[in-house]
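**Q** no sequence for this one, just the structure:
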Ligand SMILES: O=C(O)c1ccccc1NCC(=O)[C@H](O)[C@H](O)COP(=O)(O)O
């Protein structure tokens, strides 16, 4: 699955490259908020995701209004919001990130598949404060170069791994957040224990990503020392997202 998505991203980057000068210009004239600092607060910190659809679940949300969802997340106490901008596989859009930026003040993560410098400028122009980098999608040198450029632009990084052997790709002196994705991208199975195991090996706090299905999962994870979570589908499917988020946070 990841290979297919990444091939598509390479084509998308080429199709959009004429917009780079405009993105660079827009990236300079903004204030950035810190995702890292926002996630440090509270017993449980939730990076709440705006996720319309996914390759594993198809359409998740029929009545989709990113500004309404973002407001519900803020009311529910989200530390920050992740906005999926990929159009083809997640039915996201860069415009959704822009719209959310206009509505809320908390830090925003651009959730996409970053394979090229230009996507960092695009993320900044859209209003992101941070971007996701996926260890499985990048070589060690690409990860280091993209992290360095993101730092120059003012973007923070959520660096995601699926397996402990990808920890070597974490750039030296990395000051962003380490995420562990519990979803196996070939089978789509989720196993929350992945986060616990990798956090132990990394000897640093991690953001537990994917597969959180309710308060019981949060309690089980906090007992194992994990307090930061990226949660999409569960929240997206709730009728009252603010109440669901408050309950998750305990
Ligand atoms: O969600 C998918 O089906 C998926 C498929 C292929 C690559 C990435 C995928 N998800 C991206 C994510 O990391 C999740 O959206 C995020 O961790 C939230 O997960 P969840 O709470 O399970 O919606």
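**A** Arrived safely, thanks for sending. Predicted model, so just to flag it, every value in this text is computed and none were measured. Numbering: from 1, shown residues only.

**Q** ok, residue 147 to residue 110 distance?
**A** Here residue 147 is placed at a distance of 15 Å from residue 110 (C-beta to C-beta, to the nearest Å). C-beta here means a position set from N, CA and C on the backbone, and glycine is covered the same way.

**Q** residues contacting residue 42?
**A** 79, 227, 249 (C-beta atoms under 8 Å, 6 or more residues apart in numbering).

**Q** could you redo the last one with a cut-off of 10 Å?
**A** Residue 42 sits next to 77, 79, 227-228, 249-250 when contact means C-beta atoms under 10 Å, 6 or more residues apart in numbering.

**Q** closest one of those residues to the ligand?
**A** residue 228 (12.1 Å; C-beta to the nearest ligand atom).

**Q** can you read off the pLDDT for that closest one?
**A** pLDDT recorded at residue 228 is 98.

**Q** quick one: the residue nearest to it when sequence neighbours are not counted from the ligand, how far?
**A** Nearest residue to residue 228, sequence neighbours excluded (C-beta to C-beta, 6 or more residues apart in numbering): residue 207, at 4.4 Å. Separation of residue 207 from the ligand (C-beta to the nearest ligand atom, to the nearest Å): 9 Å.

**Q** Provide a list of residues in contact with residue 207.
**A** With contact set as C-beta under 10 Å, 6+ apart, residue 207 has these partners: 35, 39, 45-47, 158-160, 177-181, 195, 199, 226-230.

**Q** among the residues you listed, name the ones in strands.
**A** 45-47, 158-160, 177-181, 228-230 (DSSP state E).

**Q** ChimeraX command for the buried members of the contacts of residue 207?
**A** ChimeraX command restricting the contacts of residue 207 to the buried ones, with burial defined by 16 or more other C-beta atoms under 10 Å:
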select :35,39,45,46,47,158,159,160,177,178,179,180,181,195,199,226,227,228,229,230
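
**Q** restrict the contacts of residue 207 to contacts with the ligand.
**A** Filtering those for neighbours of the ligand using C-beta under 6 Å from any ligand atom leaves 181, 230.

**Q** and residue 234, how many neighbours?
**A** 20 (other C-beta atoms under 10 Å).

**Q** how about the contacts made by it?
**A** By C-beta under 10 Å, 6+ apart, the residues touching residue 234 are 48-49, 60, 211-214, 217, 241, 244-245, 248.

**Q** just the residues you listed that are near the ligand?
**A** Okay, of these touching the ligand (C-beta under 6 Å from any ligand atom), that's 49, 211-212.

**Q** want to throw the contacts of residue 42 into TSV with distance to residue 122?
**A** Output for the contacts of residue 42, formatted as TSV (distance: C-beta to C-beta, whole Å):
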residue	distance to residue 122
77	29
79	24
227	31
228	26
249	32
250	36
